[in-house]
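**Student:** Have a look at this fold, sequence not included:
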């Protein structure tokens, strides 16, 4: 990522780059990833509704919700909360980046590897679902595979353009039109040689 791109992203309204080891730690737990996915797809929820949706107890959920809140990944909705009932939503406009590997401790690199493993398992399952369900998807499943020749700088620019495109279309379930659905998107690039 170029310095200019980082500054431009920092100035983009409503966007905030997050690249701390604390966020990496918060993300490296399977239940926290499920909580974030549920809030992102279904919208705001309480620990009770999350517990029911995810098949967990409220005590466990409350602990993980606090961890996600401390990391700045979710926030409570004061205007919806009453008494002991707190409503939670995912924080919008986050550009989550990994810290440079040379800035991580050995334990943080291990957390990063575990997060990669969990996400890869999920991505492989999504690829299976894509293959199995595309014919019945009524146009809701789209994909593309390409082989192009890029410099490292061009790959960085392509990645940043992809993130800008995601930001342009990003909205939560509470802001989406009635005919919108939660859609999982993946992009990664790697050398072919």
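**Tutor:** Cool, got the structure. Values in this document were obtained by computation on a predicted structure and should not be read as measured data.
**Student:** low pLDDT regions in the chain?
**Tutor:** In the predicted model of the chain, residues 1-15 satisfy pLDDT under 70.
**Student:** if you count residues, which helix in it comes out on top?
**Tutor:** The longest helix of the chain (DSSP state H) is helix 106-133.
**Student:** Okay, buried residues for that helix please.
**Tutor:** For helix 106-133, a neighbour-count test (16 or more other Cβ atoms under 10 Å) marks 108, 111, 112, 115 as buried. The C-beta positions use only the backbone N, C-alpha and C, and glycine is treated the same way.
**Student:** where do the helices sit along the chain?
**Tutor:** Here the chain has its helices, by DSSP H, at 3-11, 21-27, 30-42, 47-54, 58-70, 106-133, 152-169.
**Student:** Which residue, other than its chain neighbours, is closest to residue 96?
**Tutor:** residue 18 (5.1 Å; Cβ to Cβ, 6 or more residues apart in numbering).
**Student:** And the residue of the chain most remote from its centre, its phi and psi?
**Tutor:** No residue in the chain sits farther from the centre than residue 83, which is 29.9 Å out by Cα atoms, centre = their mean. With angles defined as degrees, to the nearest 10, residue 83 sits at phi 60, psi -120.
**Student:** Around residue 137, how many other residues sit close by?
**Tutor:** Residues lying near residue 137 (other Cβ atoms under 10 Å) number 11.
**Student:** do residue 93 as well
**Tutor:** 12.
**Student:** where does it fall, phi/psi-wise?
**Tutor:** Torsion angles, degrees, to the nearest 10, at residue 93: phi 80, psi 20.
**Student:** Hmm, residue 61 is touching residue 53, no?
**Tutor:** No. With contacts counted by Cβ atoms under 8 Å, residue 61 stays clear of residue 53, the gap being 9.8 Å.
**Student:** just to revisit the earlier point, would you mind finding the most buried of the helices of the chain?
**Tutor:** Comparing those by mean neighbour count (mean count of other Cβ atoms under 10 Å), helix 21-27 ranks first with a mean of 19.
**Student:** hmm, back to that, ok and the longest helix of the chain relative to helix 30-42, angle-wise?
**Tutor:** Between helix 106-133 and helix 30-42, the angle comes out at 50 degrees (axes from the mean of the first three to the mean of the last three Cα atoms, to 10 degrees).
**Student:** Quick one: list the elements packing against helix 106-133.
**Tutor:** helix 21-27, helix 30-42 (3 or more Cβ pairs under 8 Å, 6 or more residues apart in numbering; DSSP states H and E).
**Student:** Give me the helices and strands touching the first one, please.
**Tutor:** Other elements packing on helix 21-27 under the criterion 3+ Cβ pairs under 8 Å, 6+ apart are helix 30-42, helix 58-70, helix 106-133.
**Student:** try 10 Å this time
**Tutor:** In this structure, helix 21-27 packs against helix 30-42, helix 58-70, strand 94-96, helix 106-133, with contacts taken as 3 or more Cβ pairs under 10 Å, 6 or more residues apart in numbering; DSSP states H and E.
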